[in-house]
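Student: Task: produce atomic coordinates for the following.
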Amino acid sequence: MPSTRLRPLPVLAAVLLLPATIVAAAASPSADVLLSQGKPVATSTVESSSYAGSKAVDGNTTGTRWASVEGADPQWLRVDLGQAATVHRVVITWEAAYAKQYRIEMSDDGTNFTTVTAVDSGDGRADDLTGLSGHGRYVRFVGLSRATSYGYSFYEMQVFGVADSAGDTQAPSTPTGLVAGETSATSVALSWQAATDNVAVAGYDILRDGKVVASTEEPTYSDIALAANTSYTYSVRSRDTAGNVSPVSAPITVQTKTGGSGAFVLAAAGDIAEQCTASDSNCAHVKTAKLVDQMKPSAVITMGDNQYDDAHLSDYKNYYDKTWGRFKGITRPVPGNHDTYDSPKYHGYDTYFGSAAKPDGQRYYSWDMGNWHFIALDSTEYMTHDLAPGAGGGDQTAWLKQDLAKNTKGCVAAYYHHPRWSSGDHGDNKDSIDLWNTLVDNKVDLVLNGHDHDYERFIPQNASGKSDKNGPVEIVGGSGGADLYPLSAKHATTAKLLKTYGVLKLSLTDSTFQTQLIGVDGKTLDSSPTYTCH
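Tutor: Residues are numbered from 1 along each chain as shown. Next up, the predicted model:
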């Protein structure tokens, strides 16, 4: 759907409201506030990454927009308000591809929806749906009948109402039962009893030696990258959806174990920079770059598709460079399939990263830090659907086997773009079997991938994707900033699967590793166990 397809934005469409049992007059419209702007969005489809669902709540009513795929009904867009609210008004500012019939629905859980109002004779003019009385956390537009041969497309969907937490001044209860579980030389696993609140508990702050070091939504947290044989004092406090904070819990003191020398931290992500900048509040790679800043890593790993859509050099300079580019001097990149869409292939990637793109004359290479050996691979060479007949990465496989045979380090990690196993939109990738099997045969400890725009951590697996303590831990970390993809059913070996933005924090020692996913709000969304290298 061409971006040049524009039309004037005038008054209102004809609106058919449902019976009064579902739609009632607004109780207190004067107290309404805009609830939807900048909130997380999910969609049934998008025409392309340039028309992502997030564009429908970015505050721009004449420029950026969401667009579904062409020629298909029904389609939907769902906004997560972050907490339950009463909605009195919804405003939709249409682009040319408007709906003749659609519904506005609400839900408490994001799955079971109730219709709030419906439109049966839309004419493409701006729709201002007032007098509503829906309640829930999620608001969904459902397009039933298109007015054009295109899909559905609107510049903005604005949801107005009153959040349940408005006027809430009561703090949640103080967490109790704080205990330390598994403790290693560099990490401490904490857990506590869940707090309660008159509305809802939003999460917990973890304090180490009196200072807040992390936040989490669950009553568990693993503190990593600690010093060996050192005492730390921990306490936690709870927060509610209105921002009220409880007193801190009773503290506990924990001592890490001896050993774990040579500790360092790396940051990692794939699928990073969309064509957006800090002026767009929904630009995710701006937010993930701030997480890397906070980690202070010794090096940064990128798992391909660092720049979208076609990875031209101009795009690298205009977008990636303004955020993740400030870590360029410590970045060890690999390319993804989008880096082959430039002409000539890889031109933007090779030119932007310079010697780091091909340190040994190839886009696959290895490097060492501490007692770790890192192998950076170009998995696009194996993707038969992306390359000309005859391509298959044979030279790279031979190099990989030689590199592994020469390695003298005690721990090994590999990273490349296309995952062998994935519960994301692309699914399992048979083209990368040779890479995976070679890494399994050589007892590699950790494998990092991108490609699917989500986060998935697996337990150790063998060549067949079955649970095996001697296999690598695979993590799909395609959550660096590109528009997120839908999820499929989990694998039996999936430890955690999330549709979210974030950056991997890798805590490594001479003999162990532990990983965390840090979300853009600073919360720890997942923590792995501490693994000992093979």
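Student: isn't there a helix covering Asn437?
Tutor: Yes. Asn437: assigned to a helix according to DSSP: H, G, I helix; E, B strand; the rest coil.
Student: How about the contacts made by it?
Tutor: Ala463 (C-beta atoms under 8 Å, 6 or more residues apart in numbering). Every C-beta, even on glycine, is put in place using the N, C-alpha and C of the backbone.
Student: so who does Pro247 touch?
Tutor: Contacts here follow C-beta under 8 Å, 6+ apart; on that basis Pro247 touches 174, 237.
Student: Would you mind measuring from it to Asp32?
Tutor: Separation of Pro247 from Asp32 (C-beta to C-beta, to the nearest Å): 34 Å.
Student: you'd agree Thr233 is in a strand?
Tutor: Yes. Secondary structure of Thr233 (three-state DSSP): part of a strand.
Student: So what's the gap between the lengthiest strand in the chain and the chain middle?
Tutor: Counting by DSSP state E, the longest strand found in the chain is strand 75-94. Distance of strand 75-94 from its chain centroid, counting by C-alpha atoms, centre = their mean, to the nearest Å, is 21 Å.
Student: low pLDDT regions in this structure?
Tutor: Across the chain, residues meeting the criterion (pLDDT under 70) sit at 1-30, 260, 385-393.
Student: And the helices in it?
Tutor: Ranges of helices in the chain, per DSSP state H, are 284-295, 313-318, 347-353, 394-406, 433-441.
Student: what helices or strands is the third one leaning on?
Tutor: With contacts taken as 3 or more C-beta pairs under 8 Å, 6 or more residues apart in numbering; DSSP states H and E, helix 347-353 sits against helix 313-318, strand 331-334.
Student: do the same with the second one
Tutor: Using 3+ C-beta pairs under 8 Å, 6+ apart as the contact test, the elements touching helix 313-318 are helix 347-353.
Student: Same check on the first one?
Tutor: In this structure, helix 284-295 makes packing contacts with strand 264-269, strand 502-508, judged by 3+ C-beta pairs under 8 Å, 6+ apart.
Student: for the ones you listed, which one ends up most surrounded?
Tutor: strand 502-508 (a mean of 26; mean count of other C-beta atoms under 10 Å).
Student: what sits up against that one?
Tutor: 186-187, 224-225, 263-269, 288, 291-292, 295, 297, 301, 369-370, 372, 411, 446, 448, 455, 475, 477, 479-480, 513-520, 525.
Student: In JSON lines: the helices of the chain, plus distance to Trp421.
Tutor: Formatted as JSON lines, those follow (distance: least, C-beta to C-beta, whole Å):
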{"stretch": "helix 284-295", "distance to Trp421": "24"}
{"stretch": "helix 313-318", "distance to Trp421": "30"}
{"stretch": "helix 347-353", "distance to Trp421": "25"}
{"stretch": "helix 394-406", "distance to Trp421": "19"}
{"stretch": "helix 433-441", "distance to Trp421": "8"}
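Student: Which one, of those, ends up nearest to Ser422?
Tutor: helix 433-441 (11.6 Å; C-beta to C-beta).
Student: Now do Thr216 against Asn198, distance only.
Tutor: 21 Å.
Student: Those two: which is more packed in?
Tutor: Ranked by neighbour count (other C-beta atoms under 10 Å), Thr216 and Asn198 place Thr216 first, with 22 against 14.
Student: In contact with the closest residue to the more buried one other than its chain neighbours, which residues are there?
Tutor: Leaving out its chain neighbours, the residue that sits closest to Thr216 by C-beta to C-beta, 6 or more residues apart in numbering is Thr524, at 4.8 Å. Residues counted as contacts of Thr524 (C-beta under 8 Å, 6+ apart) are 214-216, 221-222, 516-518.
Student: Try it again at 10 Å.
Tutor: Counting by C-beta atoms under 10 Å, 6 or more residues apart in numbering, Thr524 touches 206, 213-218, 220-224, 502, 505, 516-518.
Student: Of the helices and strands packed on helix 284-295, which is nearest Ser44?
Tutor: When those are compared by C-beta to C-beta, strand 502-508 sits nearest Ser44, at 23.7 Å.
Student: angle of that closest one against helix 284-295?
Tutor: Going by axes from the mean of the first three to the mean of the last three C-alpha atoms, to 10 degrees, strand 502-508 is angled at 30 degrees with respect to helix 284-295.
Student: can I have strand 502-508 written out in PDB, keeping just the CAs?
Tutor: C-alpha atoms of strand 502-508 as PDB (Å, rounded to 0.1, in the frame of the first residue of the first chain):
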ATOM      1  CA  GLY A 502      14.900  -5.900  25.500                       C
ATOM      2  CA  VAL A 503      18.600  -6.600  25.700                       C
ATOM      3  CA  LEU A 504      20.400  -9.700  26.800                       C
ATOM      4  CA  LYS A 505      22.800  -9.200  29.700                       C
ATOM      5  CA  LEU A 506      25.400 -12.000  29.800                       C
ATOM      6  CA  SER A 507      27.300 -12.500  33.000                       C
ATOM      7  CA  LEU A 508      30.400 -14.700  32.300                       C
END
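Student: Strands of the stretch 401-534 of the chain, residue ranges please.
Tutor: In the stretch 401-534 of the chain, the strands defined using DSSP state E, counting those that start in this stretch lie at 411-415, 446-449, 455-458, 473-477, 494-498, 502-508, 512-519, 524-527, 531-532.
Student: With distance to Asp425 added, can I get those in a markdown table?
Tutor: Formatted as a markdown table, these follow (distance: least, C-beta to C-beta, whole Å):
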| stretch | distance to Asp425 |
| --- | --- |
| strand 411-415 | 20 |
| strand 446-449 | 14 |
| strand 455-458 | 11 |
| strand 473-477 | 11 |
| strand 494-498 | 12 |
| strand 502-508 | 17 |
| strand 512-519 | 18 |
| strand 524-527 | 19 |
| strand 531-532 | 28 |
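Student: what's the most buried one of those?
Tutor: Of all those, strand 446-449 carries the top mean neighbour count, a mean of 28, counting by mean count of other C-beta under 10 Å.
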